[in-house]
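> sequence and predicted structure below; questions after.
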Amino acid sequence: MASFGSIRSAIFDREEKKQQYQADILGLNAYDRHKKFLKEYVGFYGGEKQKQEQLPIKTDQDTLRDGYRFIRSEEDDMDHSWEQRLVKRYYDKLFKEYCIADMSHYKTGKVGLRWRTEKEVISGKGQFVCGNKHCDEKEGLASYEVNFAYFEAGENKQALVKLVTCERCAKKLLYKKLKEKENKEKRLEKEENRKKKREREETDDDTRKDHERPKGKRASKADDDDDDDVDNFDRYLQGMFL
């Protein structure tokens, strides 16, 4: 059994440590106290224990993102896993007649398409209102059948879809083709202008050569004509005396 003196000494030591600890705590600011308390908490309640690895939690949104297909095939419908049932249930809620387009990057020829939701069908978006996601024009609409080429599930796919747009957004939809046509016409025009320029330069060279032809050749031709006249006159005189 411990003696009274040892018990009293232990109590005094504990009180002294407590006072020293409080003095150390009071000398720290709020942030340093926070770090000290957190370090002591982790060390006391399991700093030596191994942390269990937490597996990533796959939400319904992740399942839809991974399993969604713009146009489902028969093979997709034959898969009866709960992930595919969830995706098909979402797919069946979509209205797959007209599309909604995202033309944010139309200048690069990249246009994103998706099916309409129930809310968009009720408001007329994509049918009675321009199908561009960022346009609410209701006048001058026209329907287009678009060959939608996209990459999905590691494959390149194509599908013909309907898209209703106003005149301004239709130009955005065809921007890349119109730009290529315009550039081609400009290139042909430049080639035609270069061709005409070469022809004019060749004509000017021929004309300049004619003007620069030496005059000595003309003189020699005139001398030949004079010699012919002399010969003819001599023959004429001989004929008179015969």
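Sure, I can see it.
> now for the helix or strand hosting F148, which elements pack on it?
Assigned by DSSP states H and E, F148 belongs to strand 142-152. Packing partners of strand 142-152 (3 or more CB pairs under 8 Å, 6 or more residues apart in numbering; DSSP states H and E): strand 110-116, strand 155-165, helix 167-173. The C-beta positions use only the backbone N, C-alpha and C, and glycine is treated the same way.
> the second one - contacts with which helices or strands?
In terms of contacts (3+ CB pairs under 8 Å, 6+ apart), strand 155-165 is packed against strand 95-105, strand 142-152.
> least reliable of those strands by average pLDDT, please.
When the helices and strands packed on strand 155-165 are ranked by mean pLDDT, strand 142-152 comes last with a mean of 82.
> could the helices and strands packed on strand 142-152 go into CSV alongside mean pLDDT and distance to Q84?
What follows is these, written out as CSV (pLDDT from 0 to 100; distance: least, CB to CB, whole Å):
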stretch, mean pLDDT, distance to Q84
strand 110-116, 88, 18
strand 155-165, 85, 17
helix 167-173, 91, 33
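> dump those to a markdown table, plus mean neighbour count and distance to D136.
Formatted as a markdown table, the helices and strands packed on strand 142-152 follow (neighbours: other CB atoms under 10 Å; distance: least, CB to CB, whole Å):
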| stretch | mean neighbour count | distance to D136 |
| --- | --- | --- |
| strand 110-116 | 17 | 15 |
| strand 155-165 | 15 | 12 |
| helix 167-173 | 16 | 11 |
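> now do the domain split for this structure, please.
Per automatic domain parsing, the domain ranges recorded for the chain read 58-93, 94-197.
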